[in-house]
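Novice: Mind folding the following:
(chains A and B)
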Amino acid sequence: MRICVDAEKCEGHNRCFALAPELFEVDDLGLAKALNDGRVPPGLEDKADLAIANCPEFAIRIVEED
Amino acid sequence: MTERDPRDMRPREGCPVQDWATDFDVMDPDYIKDPAPVWRDLRERCPIAHTTRWGGAWLPTTYADVRDMARAAPTLSNRSPGVIPPAPELREMLIAEVKEFGSELPPISSDAPEHKPFKQLILPLFSPHAVERYRPFTEQLANDLIDRFIATGKADAAVDYAQQIPPRVIAHIIGIDPARADEFVEWVRGVLEEGQTNPEARMANRRHIRDFFQAMIDERRDGLRDDAISALMTAEVEGKRLSDYTIVGVCYLLLVAGIDTTWSSIGAALWHFGMTESDRKRMYAEPDLYPTAIEELLRFYSPVVMARRVLEPVAFGAAEMAPGEKVIMNFPAANRDPAVFEQPDEVVLDRTHNRHIAFGVGIHRCAGSNLARMEMDVALRVWFQRIGDFAVSDPDAVRWAGGQVRGPRIVPMRVTAA
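Specialist: Numbering: from 1, shown residues only, chains lettered A, B, ... in the order given. Next up is the predicted model:
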């Protein structure tokens, strides 16, 4: 599974970082980036789904299913 | 019409509402107590209401409409985000100041392109990592507050606890002398509480606070300190240092934006647990619930609405808006929309899919959300650790404030030490 954060949509709510710090990092302005080029390590797919489902800006999407 | 309690925050304007679709009143006492039935009704038959009360406004009630409107900047402008118009004398003073000095409280009262550099200036103060530095202070504060009342067996969860936390934390961040924190908290309450109904008190307290910030700037000209006001004094926006007026304005914004909003969230959460035994027991039994419970309480009791001003003719559904009209960003109603949330009118402490917009959405999303979440987390954890059992002792004495920021202002509680 691969995910990405759309930088145009992210407004820095930090929800993804709070829910899945293994998958995202945020800068000083709160803007998020997917770690590891968006590749989700096996076993963390549920956390990725949780981050996607809680983003108020609909900024996170799956770019590659398994 | 029911008799109004004198402790309610503001007089209602005019006669009772006949039809909420064409004549809503955000200061109606029943609406302030529980607005959800009105939103349910409007969502089904309207869903964007209009009123001529309080200067006139539009009120969306669905998640999709609120989201679209919040993202419609700058057609919907942030230049006057207040929901209830200021009293005429305050309004005249503000207009004169803005003419002389520019935007009163950047970035909340700014549009693009002025908005972005100010937002970038304050966001680092409130990043997830930055706010963790204030957690130990907040924990100590929460414990000290409980020490003051725990032996008496009772407390006002709003006045004695919720309302004490945010102003002291923000005072600490800005760099206010701890010895003057009590005095400072009184001025803040003078603006946000008494100032709601008394424009003179509001202006006098606003002046105290602004003078106080100006004195802090003057004190730091000879030596900067490790605090937010010093950081603002060295900051540059587009290559230029900030004027004292702007630094004072930014500090004032940090205060007024982060205080009654956060104390409303903490107060509403404690009111909820004090009224709902099953959820209270769950929190004691399942401490892993904090992260989802906090988001759920933010969703359910979303305290804040903001206003936008229409700059160009624009239509949302059947609502045709004209320049100059006001639009209320009804984030709390969006968070109860059944199209987005299952069981929207129930508090589900372990709700995992919760795309709520209590902190807004789009470029004006709340800059202090990480701080608010940290304060809420600490306030609730310390409360549940220190207090073995509690309940609202007199539900009829509970008072809610509304308008721009909704939350309980009086919550008498019976408390037992853990």
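
Novice: hey, let's count contacts and neighbours off CA atoms from now on
Specialist: Noted.

Novice: any idea which element B:Leu253 lies in?
Specialist: Applying DSSP states H and E as the criterion places B:Leu253 in helix B:244-258.

Novice: neighbouring contacts of the helix or strand following that helix?
Specialist: For helix B:244-258, the following helix or strand on the C-terminal side (DSSP H and E) is helix B:260-275. For helix B:260-275, contacts defined as CA atoms under 8 Å, 6 or more residues apart in numbering or on different chains pick out B:157-158, B:162-166, B:192, B:279-280, B:297-298, B:301-304, B:372, B:375-376, B:379-380, B:390-392, B:405-409, B:411, B:413.

Novice: for stretch A:17-36, same thing?
Specialist: So stretch A:17-36 is contacted by A:3-5, A:7, A:10-14, A:16, A:38, A:40, A:47-48, A:50-51, B:120, B:123-124, B:127-128 (CA under 8 Å, 6+ apart).

Novice: Tell me the residues of the stretch 101-250 of chain B that contact chain A?
Specialist: Proximity of the stretch 101-250 of chain B to chain A, by CA under 8 Å from any CA of the partner chain, involves residues B:Gln120, B:Leu123, B:Pro124, B:Ser127, B:Pro128.

Novice: Tell me how many other residues surround the residue nearest to the third one when sequence neighbours are not counted.
Specialist: In space, not counting the residues next to it along the chain, B:Pro124 is nearest to A:Asp28; the distance is 5.0 Å by CA to CA, 6 or more residues apart in numbering or on different chains. Taking other CA atoms under 10 Å in any protein chain shown as the criterion, the count of residues near A:Asp28 is 17.

Novice: Check chain B for its longest helix and report it.
Specialist: Ordering each helix of chain B by length in residues (DSSP state H) puts helix B:199-220 first.

Novice: following it, which helix or strand shows up next?
Specialist: helix B:228-234.

Novice: Show me what that following helix packs onto, helices and strands only.
Specialist: helix B:165-174, helix B:199-220, helix B:244-258 (3 or more CA pairs under 8 Å, 6 or more residues apart in numbering or on different chains; DSSP states H and E).

Novice: so who does the residue in the stretch 301-418 of chain B positioned nearest to chain A touch?
Specialist: As assessed by CA to the nearest CA, chain A sits closest to B:Arg355 within the stretch 301-418 of chain B, at 4.3 Å. Residues in contact with B:Arg355 (CA under 8 Å, 6+ apart) are A:Ala53, A:Asn54, A:Cys55, A:Pro56.

Novice: For the first one, pull up the helix or strand it's in.
Specialist: Meaning A:Ala53. Using DSSP H and E, A:Ala53 falls within helix A:45-54.

Novice: List the buried residues in that helix.
Specialist: A:Glu45, A:Lys47, A:Ala48, A:Asp49, A:Leu50, A:Ala51, A:Ile52, A:Ala53, A:Asn54 (16 or more other CA atoms under 10 Å in any protein chain shown).

Novice: again, but for stretch B:194-205
Specialist: For stretch B:194-205, by 16+ other CA under 10 Å, it's B:Glu194, B:Gly195, B:Gln196, B:Thr197, B:Pro199, B:Ala201, B:Arg202, B:Met203, B:Asn205.

Novice: Correct me if wrong: the last one contacts B:Trp187.
Specialist: Read that as B:Asn205. Yes - at 5.2 Å, B:Asn205 counts as touching B:Trp187 under the criterion of CA atoms under 8 Å.

Novice: Name the SS class of B:Pro124, please.
Specialist: helix (DSSP: H, G, I helix; E, B strand; the rest coil).

Novice: wait, isn't it in contact with B:Ala130?
Specialist: Yes - assessed by CA under 8 Å, B:Pro124 is found in contact with B:Ala130 at 7.1 Å.

Novice: hey, where'd the strands end up in the stretch 251-400 of chain B?
Specialist: Taking DSSP state E, counting those that start in this stretch as the test, the strands found in the stretch 251-400 of chain B are B:306-310, B:314-316, B:319-321, B:326-329, B:387-392, B:399-401.

Novice: From the contact counts, what lies against the second one?
Specialist: Taking 3+ CA pairs under 8 Å, 6+ apart as contact, the helices and strands that strand B:314-316 lies on are strand B:319-321.

Novice: where does the stretch 51-200 of chain B have low pLDDT?
Specialist: Filtered on pLDDT under 70, the stretch 51-200 of chain B yields the residue ranges B:100-104.

Novice: Please report how far B:Val237 lies from chain A.
Specialist: Note on B:Val237: its distance to chain A, by CA to the nearest CA, to the nearest Å, is 15 Å.

Novice: swap in B:Val250?
Specialist: 17 Å.

Novice: For burial, what's the neighbour tally of the nearest residue to that residue once chain neighbours are set aside?
Specialist: Take B:Val250 and drop its neighbours on the chain: the residue closest to it by CA to CA, 6+ apart is B:Leu105, 5.7 Å away. Burial of B:Leu105 is recorded as 23 neighbouring residues (other CA under 10 Å).

Novice: contacting residues around B:Leu105?
Specialist: B:Thr246, B:Gly249, B:Val250, B:Tyr252, B:Leu253 are the contacts of B:Leu105 under CA under 8 Å, 6+ apart.

Novice: In three-state terms, how would B:Ala49 be classified?
Specialist: B:Ala49 - assigned by three-state DSSP - is strand.

Novice: Number of residues surrounding B:Leu311?
Specialist: Counted by other CA under 10 Å, the residues lying close to B:Leu311 total 18.

Novice: residues touching the closest residue to chain B within chain A, list them.
Specialist: Closest residue of chain A to chain B, CA to the nearest CA: A:Asn54 (4.3 Å). By CA under 8 Å, 6+ apart, the contact list for A:Asn54 reads A:Arg15, A:Cys16, B:His353, B:Asn354, B:Arg355, B:His356.
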